[in-house]
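Trainee: Pasting a predicted model and its sequence here:
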Amino acid sequence: MPGPFDGGWDGASGMRDCRITDLNAGGCFVDAHASNPVGTTLVTEVRVGGRTFRLASEVVFVDRVQGFGVRFLERDAALERLLGGGS
């Protein structure tokens, strides 16, 4: 889903609010001024469908101007159902 969605990420420096785009069951893009190096693990929070999902994530791509892409390290069946990609 293209989004944007409200969200946040919780890394070494604490929780930061952000906008989430390009959301799918495998990951998303975190639209944020700050970034993390590729390989950093953090918790990505996304609010979609009236629910808040918090997923362990790994940074896989960095755009120093717009933010960073993450892949989810765990699956959430409820999120997958909302996105139309799971049982």
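Mentor: Alright, I've got the coordinates.
Trainee: okay, now the closest residue to residue 43 other than its chain neighbours: neighbour count?
Mentor: The spatial neighbour of residue 43 that comes closest, neighbours along the chain excluded (C-beta to C-beta, 6 or more residues apart in numbering), is residue 10 at 4.3 Å. C-beta: built from backbone N, CA, C; applies to glycine. Each residue near residue 10 was counted by other C-beta atoms under 10 Å, and the total is 14.
Trainee: what's the lengthiest strand in the chain packed up against?
Mentor: Secondary structure assigned by DSSP state E gives strand 51-63 as the longest strand of the chain. Identification of packing neighbours for strand 51-63 by 3 or more C-beta pairs under 8 Å, 6 or more residues apart in numbering; DSSP states H and E yields strand 41-48, strand 67-72, helix 77-83.
Trainee: List the buried residues in the last one.
Mentor: Spelled out, it's helix 77-83. Residues of helix 77-83 classed as buried by neighbour count (16 or more other C-beta atoms under 10 Å): 79, 82, 83.
Trainee: Show me what the closest residue to residue 4 other than its chain neighbours is bridged to.
Mentor: The spatially closest residue to residue 4, leaving aside those adjacent along the chain, is residue 19, at 4.5 Å (C-beta to C-beta, 6+ apart). Listed beta-bridge partners, residue 19: residue 6, residue 31 (assigned using DSSP bridges).
Trainee: Contact partners for residue 19?
Mentor: With contacts defined as C-beta atoms under 8 Å, 6 or more residues apart in numbering, the neighbours of residue 19 are 3, 4, 5, 6, 7, 31, 32.
Trainee: Residue 26 too?
Mentor: Residues near residue 26 by C-beta under 8 Å, 6+ apart: 71, 72.
Trainee: from here on, count from 50
Mentor: Sure thing, new numbering starts at 50, so read that last one as residue 75.
Trainee: could you measure it against residue 103, distance?
Mentor: Computed as C-beta to C-beta, to the nearest Å, the residue 75 to residue 103 distance reads 16 Å.
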